[in-house]
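Sequence and predicted structure below; questions after.
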Amino acid sequence: MSEYWYKEAVVYCLDIETFADSNGDGVGDIRGLIGRLDYLARLGVTCLWLNPIHPSPGRDDGYDVTDFYNVDPRIGSLGDFAELLHQASNRGMRVMIDLVVNHTSDEHPWFRSARSSPDSEYRDWYVWSDSEPSDRFQGMVFPGEQRETWSYDRTARAWYYHRFYDFQPDLNFRNPAVREEVKKIMAFWLQLGVAGFRMDAVPFIIELTEPGKNPCPMDWDFLTELRQHVQWRKGDAVLLAEANVEPDKLPEYFADAGGSNSRIHMLFDFMLNGRLILALARQDPEPIIEALRATPQLPRGGQWATFLRNHDEIDLSRLTAEQRADVFAAFGPDENMRLYDRGIRRRLAPMLGGDRRRLELAYSLQFSLRGTPVLRYGEEIGMGDDLSLPGRNAIRTPMQWSPSTGGGFSTAEETVRPVISGGDYGYEKVNVTDQRHDRDSLLGWFERMIRTLRESPEVGAGSCVHVDRKLPAGVLAHRADGSTGTMLFLHNLGLDEVVVDLGDLFGQAHDPNQVLGDRDYPPVGRLDALELGGYGYRWIRLDRSPGT
């Protein structure tokens with residue numbers, strides 16, 4: 001791949017502790033993941049994104065780190081991790097890891113030292129206030145689960161800042177020593193061979209927090225520093241950032257004042273995600289069209305990362321109250337399905353009622369729109385959720401590999417989280433083994449779809465343009481243009497069959513042909529009578545550049 005390999009990648013997100021258990025202790029581990037790499041390669045995955053792998057008390061699913069230079073012993077050792085990188089590389093896969101440096105665990109040696117004495121060398125590594133801050137109850141990330149963002153520590157005799165839970169004190173990025181330590185952490189893992197980092201909570205990393213000050217200044221230059229540091233250490237390493245911010249702020253995460261892509265390589269596209277979910281709920285493509293129109297122009301090298309489900313709730317905070325109400329009515333009618341009054345804590349398959357047609361439509365949309373697709377583990381087989389588990393854990397259940405006891409995840413009687421059993425989404429009905437033996441399964445469809453995507457590099461690396469003309473209700477038409485050719489995509493979000501006429505726009509296309517669709521349709525012809533079924537989709541190649 002080129003230096004822009006991430007534009008043509010298929011990213012697969014997983015949590016090692018819930019993916020595959022190799023030693024029967026009930027916890028997924030690195031050796032278990034290594035044993036499943038051939039499965040991922042067959043699926044078409046080119047990059048793994050691993051949720052936190054570091055030692056942790058586990059109070060926030062590993063996002064409360066106690067050692068940034070090691071691997072949690074429950075999942076393996078540094079030697080196991082090095083072997084994972086080697087084996088993944090042998091299969092053409094890169095590995096990215098979570099970089100969680102906005103905060104540490106309160107059990108981290110840095111914080112233990114910091115709270116022990118005002119004279120500790122680590123005291124200024126965290127954000128303190130001698131008096132109760134006026135913004136004590138502002139800026140909470142988890143409303144309803146957090147009471148405050150400043151907590152009093154009796155040992156330190158001072159207030160410390162925590163944007164997240166009180167056991168996750170924020171690091172002080174005003175301190176040059178903290179910045180240098182973050183660079184050392186990145187260099188360490190790059191030296192081992194990771195392909196880059198998914199950076200957690202990036203807006204808070206560049207926020208220079210002061211007690212009682214809101215808003216606080218943002219230090220954009222730190223993103224430039226991190227980008228330069230990473231590129232010097234490993235030229236093709238990538239920074240993939242989580243930054244769910246206002247649209248007008250997004251360009252600053254990619255580029256400096258001169259417009260050069262000198263900061264983050266990729267951003268998760270929260271704006272598109274929310275509107276995609278809204279479009280599915282309303283069976284109306286207009287929200288997607290609005291998102292495409294509002295997308296900021298990216299600098300050369302900048303890229304979006306698209307997703308339908310990630311490891312958190314579906315965040316609807318960028319939608320209006322009316323739009324959120326429509327999504328909740330369609331996909332989260334029960335209070336137990338929602339989280340923080342802004343999101344849905346369900347997987348996509350149960351959200352869409354297990355309707356195979358709508359599932360294919362949704363993922364066809366995601367994978368054909370501009371950007372790099374990110375797939376959450378288990379989505380390729382239509383896994384469900386366990387709403388009896390608290391909060392975000394509802395969608396963090398073990399991978400379902402087979403219909404045998406424990407779903408093939410582990411032989412242990414008790415697992416890190418319960419394997420979903422019984423009902424429409426239990427491992428007895430939804431698992432890899434059964435779908436592997438069924439060519440018409442959702443897993444088989446994902447393999448075919450991803451192969452088609454990888455034969456169409458213009459989808460990720462080229463432009464994405466909405467075909468702006470009057471179409472039948474519920475239909476979205478868009479095209480992808482790149483140096484390798486042109487693709488046309490049709491998606492019908494409605495239930496009624498329709499006929500689409502695009503002959504006057506693409507009538508001169510050279511030998512157009514359908515490369516993927518929800519069913520076999522009549523030949524494409526002059527594109528003036530394109531049939532499209534209810535919840536149907538068609539990928540049509542209009543042109544292939546010579547030599548590609």
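Yes, it's here.

Dihedrals phi and psi, Phe489?
phi -130, psi 130 (degrees, to the nearest 10).

Show the pLDDT at it.
We have a pLDDT of 97 for Phe489.

residue contacts, it?
364, 368, 476-480, 537-540 (CB atoms under 8 Å, 6 or more residues apart in numbering). Glycine gets a C-beta too; all of them are placed from N, C-alpha and C.

can you pick the most crowded of those residues?
Counting neighbours by other CB atoms under 10 Å, Ser368 comes out on top of these with 28 neighbours.

residue contacts, it?
Contacts of Ser368 by CB under 8 Å, 6+ apart are 453, 459, 478, 480, 487, 489, 491, 539.

Quickly note the distance from it to Phe164.
Counting by CB to CB, to the nearest Å, the gap from Ser368 to Phe164 is 35 Å.

can you check Gly533 too?
For Gly533, the distance to Phe164 - CB to CB - is 45 Å.

More neighbours: which of the two?
Phe164 (22 against 17).

can you list the contacts of Ser368 in a markdown table and add secondary structure and distance to Phe197?
Below are these laid out as a markdown table (DSSP: H, G, I helix; E, B strand; the rest coil; distance: CB to CB, whole Å):
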| residue | secondary structure | distance to Phe197 |
| --- | --- | --- |
| Leu453 | helix | 24 |
| Val459 | helix | 25 |
| His478 | strand | 31 |
| Ala480 | strand | 28 |
| Met487 | strand | 31 |
| Phe489 | strand | 31 |
| His491 | strand | 33 |
| Trp539 | strand | 32 |
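
hang on, the earlier thing: which of the contacts of Phe489 sits closest to Ala321?
Distances from Ala321 to those, taken as CB to CB, are shortest for Leu476 (24.9 Å).

can I assume the closest one sits in a helix?
No - read with DSSP: H, G, I helix; E, B strand; the rest coil, Leu476 is strand and lies in no helix.

who's in contact with the nearest residue to it once chain neighbours are set aside?
Closest residue to Leu476 apart from its sequence neighbours, by CB to CB, 6 or more residues apart in numbering: Pro285 at 3.5 Å. For Pro285, the contact set (CB under 8 Å, 6+ apart) comprises 279, 474-476, 491, 493.

switch the cut-off to 7 Å
279, 474-476, 493 (CB atoms under 7 Å, 6 or more residues apart in numbering).

returning to what we had before: rebuild the contacts of Ser368 as JSON lines, extending it with distance to Trp49.
Below are these laid out as JSON lines (distance: CB to CB, whole Å):
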{"residue": "Leu453", "distance to Trp49": "17"}
{"residue": "Val459", "distance to Trp49": "20"}
{"residue": "His478", "distance to Trp49": "26"}
{"residue": "Ala480", "distance to Trp49": "24"}
{"residue": "Met487", "distance to Trp49": "26"}
{"residue": "Phe489", "distance to Trp49": "25"}
{"residue": "His491", "distance to Trp49": "26"}
{"residue": "Trp539", "distance to Trp49": "25"}
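
Need the max-distance pair from the contacts of Pro285.
Ala279 and Val475 (11.6 Å).

Is Leu278 in contact with Gln323, as I believe?
Yes - between Leu278 and Gln323 there is a contact under CB atoms under 7 Å: 5.4 Å.

Would you mind telling me which of the two has more residues around it?
A side-by-side neighbour count of Leu278 and Gln323, using other CB under 10 Å, places Leu278 first with 25 against 18.

How many neighbouring residues does the residue lying closest to that one once chain neighbours are set aside have?
Distance criterion CB to CB, 6+ apart; nearest residue to Leu278, sequence neighbours excluded, is Pro287 at 4.4 Å. Counted with other CB under 10 Å, the neighbours of Pro287 add up to 21.

Report the contact partners of Pro287.
275, 278-279.

Which ones among those residues map onto helices?
Counted as lying in helices by DSSP state H, out of the contacts of Pro287, are 275, 278-279.

Arg538 should be in a helix, yeah?
No - secondary structure assignment places Arg538 outside any helix; it is strand (three-state DSSP).

which ones are touching it?
Contacts of Arg538 (CB under 7 Å, 6+ apart): 490, 514, 517, 521, 530, 532.

Go ahead and confirm Pro296 touches Leu250.
Yes - under the criterion of CB under 7 Å, Pro296 is in contact with Leu250, at a separation of 5.3 Å.

okay, the two: which has more neighbours?
For Pro296 versus Leu250, neighbours defined as other CB under 10 Å are more numerous around Leu250 (21 against 15).

Kindly format the C-alpha coordinates of the one helix or strand that one maps to as CSV.
Under DSSP states H and E, the secondary-structure element containing Leu250 is helix 250-254. In CSV, the C-alpha atoms belonging to helix 250-254 read as follows (Å, rounded to 0.1, in the frame of the first residue of the first chain):
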residue,chain,number,x,y,z
LEU,A,250,-13.2,19.7,12.7
PRO,A,251,-10.7,21.2,10.1
GLU,A,252,-8.4,22.4,12.9
TYR,A,253,-7.9,18.8,14.0
PHE,A,254,-6.5,17.9,10.6
